[in-house]
Structure formats: structure tokens, C-alpha cells
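Visitor: sequence and predicted model, in that order:
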Amino acid sequence: MMILPQNLRYSFSLDNTPFPPCKCDKEGSFSSESLKTRVPFIVQKIITTVKNHSSSSSSSATSNPEKVQEAQNVIIKELEQLINEMSDPSATLSLLKEEGDTIGDIKQCNEILTQYNFTDKTWVETPFIIWETYLYRRVGGIFARSKYWSDFDYFFDQKLETFISASQSVSILAKQTLADDIATLKTSTSTNADDSENFAGVLKGSLWGNQNDLSMFPDFDGDDFNQMQEKRQQSEASSAIASKAQSIVDGQDDDDDDNDEKKDTNDKVQTALATKILEDHSPQIWQYLKNNVKNGRIDIVLDNAGYELYMDLLLANWLTTHGYAKVVYFHCKRIPWYVSDVCKPDFYWILNDSPSQYRQQRQNMVAEGGIEALEVLTQKWKTYLENGTWKLEDDLFWTGLLPFHYLPENANQLWTEELTKSDLVIFKGDLNFRKLTHDLSWDPSVPFADAIGPLASKSIFAPPIVSLRTTKADTVVNVDSDIYKALDDSEPGWLTSGSYSTILFSNPRSDN
Ligand SMILES: O=P(O)(O)OC[C@@]1(O)O[C@H](CO)[C@@H](O)[C@@H]1O
């Protein structure tokens, strides 16, 4: 493990980080491909979506079709301009247009762009996390400044596809969850041992739900939920991994002196490759919950809508029903974000509309009794929202340009009034992980708590933090060097395939 010196842990600044930020300067890298093809494709798809919507959801739209059309043309022009800038090697990040931008954080965004001279940097020179976030914020501004399109979610239809097409899985899980709920209510015989296994199950369900991220599959058409899983498997060289693991095992007799050490290494590598969880802190999280949290406050910083959100709701449901959470705060995005991130309407859609959508579209593709179970569950979740057991918030910090190292100083209210009062803050997904770790080219063995800097600091009352992430970008921390090397040697593209994951925990409130 590489431990960072204290002074480097806490003194982050955008232009002074302990490791270099991930950028697009390496030909063929994920970030460089993102700038060249993946992200422009996403913007192009927004243009198509806008063209296909002759009117927006705005109520004034129908009475003013010409104005709507005019506004549509302006939006398309600005989006095309954005695509051109991304491919222009001399273009720098321009300031966001302020006039008419109603999102609420335009001044702060432009201050950051100016303060760190991003307006003098080309896209290639700008850290990946900054330009990519800037891109989604700029698209948000283009719509927000348009009178007739300001409430239009250009990703909405795509977002629900993963939920609709996962009807089998959703309905089976609804039935199982309902059965567990009833059993828990009827008896108080559930023991901590049962809880431990059940908790690991819902936690890992929420973890793997993160594979369903449409910014990595912008052409996903929703016909088949398995299509996305299959695509992931195509990028896995499973046999290569198996043979690598085998060669490590075979090599264990080579040198008798190092036998025990080698066996430990082999076991560790094999377990990681078999479970696909490269570092798993779930036992520590469970110990913390069991011993410290009863009727507590849990926060979940959400990632993707649709199927992933459903898995997060099942996790929250379990924590609530089993008495660990008295209140769960869900944090979602204010504006459409990284294609499939949850906004408030996506959350309400699952609670209000998903059972009827299944009735209309998927009658024959759900488990028997599954829709009824989903109805009961979603009804219960609506009651949770109504009576304040669950709360849904969309602070603008989550769609701001800054990594989370700057959260305590830059989102004071969110930090002091909300997150520091939490017993556990669960950050979902890859983007949240990148923002937690500043998206640097870390030495992979740097501990999670070191990489998140101030968010692991006792002195500012940082809460216990969990990151549940399937790996879809180049940044990795808290992964054993042997495991990292085994994958790097055997499986090109493993870092960004989403096939591997980490469950990481930092607890600044513990005495250790
Ligand atoms: O946060 P999520 O949904 O898990 O992932 C978002 C994501 O697809 O966007 C980035 C590039 O756009 C990737 O690094 C990352 O995986």
C-alpha cells in the first residue's frame, strides 16, 4: 500500500494534485477516445432527440409552434457548435453563457473556469473530469436558456429503457423483497447473522446495478436488457484471466522459499478475479452498521436511473425495514446528467408509473405476481416519501464542475447541515468515484481514505463513506498491486469495461 503523506492528503487544489489528473493526451486512451468519438456521439444523439420532438413538454409549446421551432433551431446550432469545438485542437473551454441560464450555479461555474484558467486551456489540456462535466453543464445551459425547452429532459426516454427491459429481474426481486418485508414485520426472529448475509446481498445488488450506465452505451436501444450485459462480456477475455490465474497457481512450486507468500498472493488474485470485486470492504461496512447504526440517517448519492435506481431503492428498503435507517436521503441531479443519471422525475416515475408501464408493455415478460408485488412496494415507498422517512434532494453541487474534495468549502449547507449529520453516505457509481478521488492517475494501491482527502478527515466531522463502483474509467485506488498487475497483463480494457468493481469504506469516526 502506498500511504500519502498527511500534507498531500488535505491540501488539494485543482492545479496542485498529488498525482497528475487523467487527461486526453494519450492516443487511444479511454479519455482521448471519449473526446474524439464517445462524447460527440452523445451530443449528436441529443440533436436527433430534439429533432424528433416537434414540441417540448412545455405547456406554452403547442400555442406557439413557430417559436418552439425557432428555439429548436437555436439549440441545434449551439449543440453543433459544441461538437465542432471538441474536435478543434486549438479551441479552449469558453465561459458559459450567463444570460437566461436559470439553473442557479452559473456564476460559480464561470468563476471556477476563470480562477483555474480553464478558459485558456484546450480540451486536450483540460483534465478529463473537468471538460466532461463542463460539457454536460454546457448542454444543460443550452436548454435552460431556451424559454420553450427549459424543462425538456433529452435523456428521459433512454433512461427508462433499462428498467422496462429488465422486467423479469425487477419482478422477481419485487416478489422476494415483499416476502422479506412481510417476514420481517411478522417476526422479530431475524438474527444479526441473517442480516449480515442479506445486507451483503442488497449491497452487492446495488453495486452491480451500476453496470447499467448509458453514457457507456449511448446506442443502447432498450430492446433487450441482456444486450448490455452481453456487450460487457464481449470485452472480457475470460479465458485469458483464467489462464493468467492458472499460471500464477502453476508457478507456486517454482521457489520453495516463497511458497506461503505466493499462495496468499494466488488466493487473493483468484478471489478477486472470480468475484470480480477487486477490493471488498462489505464486512467492515456491516460491522460498522451492526454496532453503530440503529434508526440512523443514511444518505445515498445516486447514479443511474432505471434499473440501477431500482437496486438502490431495494437497498434503502432493506435498511429501513430492518431498522438500521430511520431516514434515508436520496441525492439526485438537478439537470440531465451523464446520460442516465437520476433526476427527480426519474425517481417519481418508478414510484408512480412503473407498474402500469409493465402492465401495458411487459405483461408476458414478468414473473407471476411480480407486477402486484411491485405495486405494493412502490406504494410503500410513496408513503415513505410522504411521511418523511425517505427524502429526495437535488443539490446543485452534484452537477457542479468541482470534484468532491471541494465539497466542504464550496457547498457549506450540504456539508454542515446534511452530510456531516449522516451515519453513512453511500456514493454510487463511477462518476461519483471519479469525483471522490479527483480523477487522478493514482498509484492504484493508494488507500481510499487517502484519495478522498478532506472527506475522510475527522477534523471537519466527515461521515463514514462508502463507494460502490463498477470500474468504467482509468482511475483506481485501494486495489492490491498483484491483482492490478494480473488484470493488466491479461485483459486489455479491463479498467473501463464495467466488469470489475470495488466496494470501499472510509470511517473517520472509528478510533483506529
Ligand atoms: O457514474 P457512472 O454512471 O457509473 O459512469 C459514468 C461514466 O460512464 O461516465 C464516464 C465517462 O463518461 C465514465 O468514466 C463513467 O463510467
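Guide: Alright, I've got the coordinates.

Visitor: secondary structure element for residue 466, which one?
Guide: strand 465-470 (DSSP states H and E).

Visitor: after that strand, next one along is what?
Guide: Counting by DSSP H and E, what follows strand 465-470 is helix 481-490.

Visitor: so who does residue 325 touch?
Guide: Listed by Cβ atoms under 8 Å, 6 or more residues apart in numbering, the contact set of residue 325 reads 293, 295-298, 316, 319. C-beta: built from backbone N, CA, C; applies to glycine.

Visitor: now do residue 186
Guide: So residue 186 contacts nothing (Cβ under 8 Å, 6+ apart).

Visitor: could the contacts of residue 325 be laid out in CSV, adding secondary structure?
Guide: What follows is the contacts of residue 325, written out as CSV (DSSP: H, G, I helix; E, B strand; the rest coil):
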residue, secondary structure
293, coil
295, coil
296, strand
297, strand
298, strand
316, helix
319, helix
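
Visitor: list just the nearest of those residues to residue 275.
Guide: The nearest member of those to residue 275, counting by Cβ to Cβ, is residue 319 at 22.8 Å.

Visitor: hmm, that closest one is touching residue 326, no?
Guide: No. With contact defined as Cβ atoms under 8 Å, residue 319 does not reach residue 326; the gap is 9.8 Å.

Visitor: of those two, who's got more company?
Guide: residue 319 (23 against 16; other Cβ atoms under 10 Å).

Visitor: any chance of the backbone angles for the closest residue to the ligand within the chain?
Guide: Here the chain gets closest to the ligand at one residue, residue 472, 2.8 Å apart by Cβ to the nearest ligand atom. Dihedral pair for residue 472: phi -130, psi 20, per degrees, to the nearest 10.

Visitor: quick one on the thing from earlier: quick one: buried ones out of the contacts of residue 325?
Guide: Buried members of those, scored by 16 or more other Cβ atoms under 10 Å, are 293, 296-298, 316, 319.

Visitor: so what's residue 457 up against?
Guide: 10, 508.

Visitor: recalculate using a threshold of 10 Å.
Guide: 9-10, 408, 449, 506, 508 (Cβ atoms under 10 Å, 6 or more residues apart in numbering).

Visitor: neighbour-wise, which of the residues you listed leads?
Guide: residue 506 (26 neighbours).

Visitor: show the pLDDT at that residue.
Guide: Residue 506 carries a pLDDT score of 98 in this model.

Visitor: next one: residue 261
Guide: 71.

Visitor: check the secondary structure at it for me.
Guide: Quick answer, by three-state DSSP: residue 261 is helix.

Visitor: what about it, how many residues close to it?
Guide: Residue 261, neighbours per other Cβ under 10 Å, totals 11.

Visitor: gap between it and residue 268?
Guide: Counting by Cβ to Cβ, to the nearest Å, the gap from residue 261 to residue 268 is 11 Å.

Visitor: now swap in residue 303 and tell me
Guide: Taken as Cβ to Cβ, the span from residue 303 to residue 268 is 28 Å.

Visitor: so for the two, which sits in the more crowded spot?
Guide: Neighbour count, other Cβ under 10 Å: between residue 303 and residue 268, residue 303 has more, with 30 against 14.

Visitor: OK, contacts around that one?
Guide: 206, 209-210, 212-213, 309, 312, 332-333, 337-338, 340-342, 427-433, 468-470.

Visitor: torsion angles phi and psi at it?
Guide: Residue torsions, per degrees, to the nearest 10, at residue 303 are phi -120, psi -100.

Visitor: I'd like the distance between it and residue 510.
Guide: If you go by Cβ to Cβ, the gap between residue 303 and residue 510 works out to 26 Å.

Visitor: just the strands in the protein please.
Guide: 277-280, 296-301, 325-331, 390-393, 424-428, 465-470, 501-506 (DSSP state E).

Visitor: winner for burial among those?
Guide: Among the strands of the chain, ranked by average contacts under mean count of other Cβ atoms under 10 Å, first place goes to strand 465-470 (a mean of 27).

Visitor: who in the stretch 1-150 of the chain is up against the ligand?
Guide: 34, 132 (Cβ under 6 Å from any ligand atom).

Visitor: go on, the stretch 301-450 of the chain?
Guide: Counting by Cβ under 6 Å from any ligand atom, the stretch 301-450 of the chain sits next to the ligand at 303-304, 338, 429-431.

Visitor: of the residues you listed, grab the buried ones for PyMOL.
Guide: Remark: buried members of those, expressed as a PyMOL selection using 16+ other Cβ under 10 Å:
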select buried, resi 303+304+338+429+430+431
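
Visitor: just put the residues of the stretch 301-450 of the chain next to the ligand in CSV and tack on pLDDT and distance to residue 136.
Guide: Formatted as CSV, these follow (pLDDT from 0 to 100; distance: Cβ to Cβ, whole Å):
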residue, pLDDT, distance to residue 136
303, 97, 14
304, 96, 14
338, 97, 6
429, 97, 14
430, 97, 14
431, 98, 10
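
Visitor: for the nearest residue to residue 365 once chain neighbours are set aside, what are its contacts?
Guide: Using Cβ to Cβ, 6 or more residues apart in numbering and skipping the chain neighbours, the partner closest in space to residue 365 is residue 167 (4.8 Å). Counting by Cβ under 10 Å, 6+ apart, residue 167 touches 225, 354, 357-358, 361-367, 370-371, 374.

Visitor: want to throw those into a markdown table with neighbour count, distance to residue 160 and pLDDT?
Guide: Shown next, in a markdown table, are these (neighbours: other Cβ atoms under 10 Å; distance: Cβ to Cβ, whole Å; pLDDT from 0 to 100):
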| residue | neighbour count | distance to residue 160 | pLDDT |
| --- | --- | --- | --- |
| 225 | 23 | 12 | 49 |
| 354 | 23 | 8 | 95 |
| 357 | 16 | 8 | 93 |
| 358 | 22 | 11 | 92 |
| 361 | 13 | 10 | 89 |
| 362 | 18 | 12 | 86 |
| 363 | 10 | 17 | 83 |
| 364 | 6 | 19 | 82 |
| 365 | 15 | 15 | 85 |
| 366 | 24 | 16 | 87 |
| 367 | 17 | 20 | 89 |
| 370 | 23 | 17 | 94 |
| 371 | 22 | 16 | 95 |
| 374 | 25 | 14 | 97 |
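
Visitor: sketch out the low-pLDDT regions of the stretch 401-512 of the chain for me.
Guide: 512 (pLDDT under 70).

Visitor: nope, the chain is what I was after
Guide: Using pLDDT under 70, the chain drops low at 54-62, 188-193, 213-259, 512.

Visitor: distance of the residue nearest in space to the middle of it relative to residue 402?
Guide: The residue lying closest to the centre of the chain (Cα atoms, centre = their mean) is residue 429, at 2.6 Å. Distance of residue 429 to residue 402, given as Cβ to Cβ: 17 Å.

Visitor: so how far is the longest helix seen in the chain from its chain's centroid?
Guide: For the chain, the helix with the greatest residue count under DSSP state H is helix 65-87. In terms of Cα atoms, centre = their mean, to the nearest Å, the centre of helix 65-87 is set 29 Å apart from its chain centre.

Visitor: before we move on, what about stretch 459-472?
Guide: 12 Å.

Visitor: how far does that stretch stretch from one end to the other?
Guide: 32 Å (Cα to Cα, to the nearest Å).

Visitor: burial count for residue 308?
Guide: For residue 308, using other Cβ under 10 Å, the count is 28.

Visitor: relative to strand 501-506, how tilted is the strand holding residue 466?
Guide: Taking axes from the mean of the first three to the mean of the last three Cα atoms, to 10 degrees, strand 465-470 and strand 501-506 form an angle of 170 degrees between their directions.
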